[in-house]
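Enquirer: Model the following, please.
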Amino acid sequence: MRPVICLLLALGAGLAGLSLRVLVPVTPVDDGFREVVRLYPPKDKAPASNMPETSAP
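Expert: Purely as a prediction, here's the structure:
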């Protein structure tokens, strides 16, 4: 492909993404989603091992 065509395609993709971001409203987070997120463990806590031979004593 010629570089000019690649640049035009990149510019078109960027403009399409920007126009979607501006035109489509952002949906607010509902209570059901917040409840699901609360069930996940915090990122800083290491997951427990399910294999006794590799778990810490």
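Enquirer: and the residue nearest to the spatial centre of the chain, what element?
Expert: Nearest to the mean C-alpha position of the chain, counting by C-alpha atoms, centre = their mean, stands Val37 at 13.6 Å. Secondary structure assigned from DSSP states H and E places Val37 in helix 31-39.
Enquirer: Centre of the chain to that helix, how far?
Expert: Relative to the mean C-alpha coordinate of its chain, helix 31-39 is positioned 16 Å out (C-alpha atoms, centre = their mean, to the nearest Å).
Enquirer: List the buried residues of the longest helix seen in the chain.
Expert: In terms of residue count, the longest helix belonging to the chain (DSSP state H) is helix 3-23. Taking 16 or more other C-beta atoms under 10 Å as the neighbour-count basis, helix 3-23 is seen to contain no buried residue. (C-beta placed from N, C-alpha, C; glycine too.)
Enquirer: Pull the distance from it to the chain's centre.
Expert: Centroid separation between helix 3-23 and its chain, computed with C-alpha atoms, centre = their mean, is 21 Å.
Enquirer: likewise stretch 21-41?
Expert: Relative to the mean C-alpha coordinate of its chain, stretch 21-41 is positioned 12 Å out (C-alpha atoms, centre = their mean).
Enquirer: mind exporting that stretch as CSV, just the C-alpha atoms?
Expert: Once side chains and other backbone atoms are set aside, the C-alpha atoms of stretch 21-41 remain, and they are given as CSV (Å, rounded to 0.1, in the frame of the first residue of the first chain):
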residue,chain,number,x,y,z
ARG,A,21,-17.1,9.6,21.1
VAL,A,22,-18.8,13.0,20.6
LEU,A,23,-22.1,11.8,19.2
VAL,A,24,-22.9,8.7,21.4
PRO,A,25,-23.7,9.5,25.0
VAL,A,26,-21.8,7.7,27.8
THR,A,27,-24.1,5.4,29.8
PRO,A,28,-23.8,5.9,33.6
VAL,A,29,-22.9,3.0,35.8
ASP,A,30,-25.9,1.3,37.4
ASP,A,31,-26.2,-0.4,40.8
GLY,A,32,-26.1,-3.9,39.3
PHE,A,33,-22.7,-3.3,37.7
ARG,A,34,-21.4,-1.8,40.9
GLU,A,35,-22.5,-4.9,42.8
VAL,A,36,-20.7,-7.2,40.4
VAL,A,37,-17.5,-5.1,40.6
ARG,A,38,-17.6,-5.3,44.4
LEU,A,39,-17.4,-9.1,44.2
TYR,A,40,-14.0,-9.1,42.5
PRO,A,41,-11.0,-9.2,44.9
